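Novice: Sequence and predicted structure below; questions after.
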Amino acid sequence: MREQIARRLAAVPEVAEGLRRASQAWDGSLMLGLVQERCLHLAIEIVTDVGSYLIDGFIMRDASSYDDIIQINHEEKVFDQATYEVLSRLVSLRKPLVQDYYSWERSELHPLSSDLPGVLEHFSHQVHTYVEKELGPFQTAQAEGQSKE
């Protein structure tokens, strides 16, 4: 579990950078629209995958939706209220991005695109802190070649 979480969190810097660059250079072009769209989608997958691993590994409750994954992790104090609010808005974009992609407005900068990079980085830090509190430091287990799953 720890390795799976770490692998997904390792993608955060690239997704955050993609959103930063798209936001800073925004010109309404198809290319930047697609960059934004893919980064938002990846951000959703990262936070829901990590959240699911945390629920499976530490929290004895089942999540019935993407919203539940975010809510349960917030209730268990994995991340703070401000992060919860942004991640809740983020996961609400999954259906429009994945199922209703044909009507996604690619020529507009989504409001989350500017705020999300910092929130994703903070989320990653908060998850690392939570896992270390529960299992001990990431580096120790990796350096010893042990898994505390």
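Specialist: Everything's here; your move. Numbers count the residues shown, from 1 in each chain.

Novice: distance between the host helix or strand of Thr48 and the chain's centre?
Specialist: Assigned by DSSP states H and E, Thr48 falls within helix 30-58. Centroid separation for helix 30-58 versus its chain: 5 Å, with Cα atoms, centre = their mean, to the nearest Å.

Novice: which residues sit against the following helix or strand past that helix?
Specialist: Sequence-wise, the next helix or strand downstream of helix 30-58 (DSSP H and E) is helix 66-75. Helix 66-75 has contacts (Cβ atoms under 8 Å, 6 or more residues apart in numbering) with 44, 47-48, 51-52, 54-55, 59, 61, 63, 79, 81, 83-84, 87-88, 91-92, 94. C-beta here means a position set from N, CA and C on the backbone, and glycine is covered the same way.

Novice: isn't Thr83 right next to Val119, touching?
Specialist: Yes - if you go by Cβ atoms under 8 Å, Thr83 and Val119 touch, sitting 5.9 Å apart.

Novice: list residues touching both of those two?
Specialist: With contacts defined as Cβ under 8 Å, 6+ apart, no residue is shared by Thr83 and Val119.

Novice: now this protein, which segments are flagged as low pLDDT?
Specialist: Across the chain, the ranges flagged by pLDDT under 70 are 138-149.

Novice: Quick check, central residue of it?
Specialist: Nearest to the geometric centre of the chain sits Val47, at 2.8 Å (Cα atoms, centre = their mean).

Novice: List the residues that contact that residue.
Specialist: Taking Cβ under 8 Å, 6+ apart as the criterion, Val47 is in contact with Ile69, Ile70, Leu87, Leu90, Val91, Leu120, Phe123.

Novice: Then Val86?
Specialist: Contacts of Val86 by Cβ under 8 Å, 6+ apart are Leu112, Asp115, Leu116, Val119.

Novice: Name the SS class of the second one, please.
Specialist: Secondary structure, DSSP: H, G, I helix; E, B strand; the rest coil: Asp115 is helix.

Novice: which non-adjacent residue is nearest it?
Specialist: Using Cβ to Cβ, 6 or more residues apart in numbering and skipping residues adjacent in sequence, the residue nearest Asp115 is Val86, 6.4 Å away.

Novice: Can I get the helix or strand where that neighbour lies in CSV, CA atoms only?
Specialist: Val86 is located in helix 81-91, with elements delineated by DSSP H and E. Extracted in CSV, the C-alpha atoms of helix 81-91 (Å, rounded to 0.1, in the frame of the first residue of the first chain):
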residue,chain,number,x,y,z
GLN,A,81,-10.7,21.6,5.5
ALA,A,82,-9.3,23.9,2.8
THR,A,83,-7.9,20.9,0.9
TYR,A,84,-11.1,19.0,1.4
GLU,A,85,-13.1,21.8,-0.2
VAL,A,86,-10.9,22.0,-3.3
LEU,A,87,-10.7,18.2,-3.7
SER,A,88,-14.5,18.0,-3.4
ARG,A,89,-14.8,20.4,-6.3
LEU,A,90,-12.1,18.5,-8.2
VAL,A,91,-13.8,15.1,-8.0
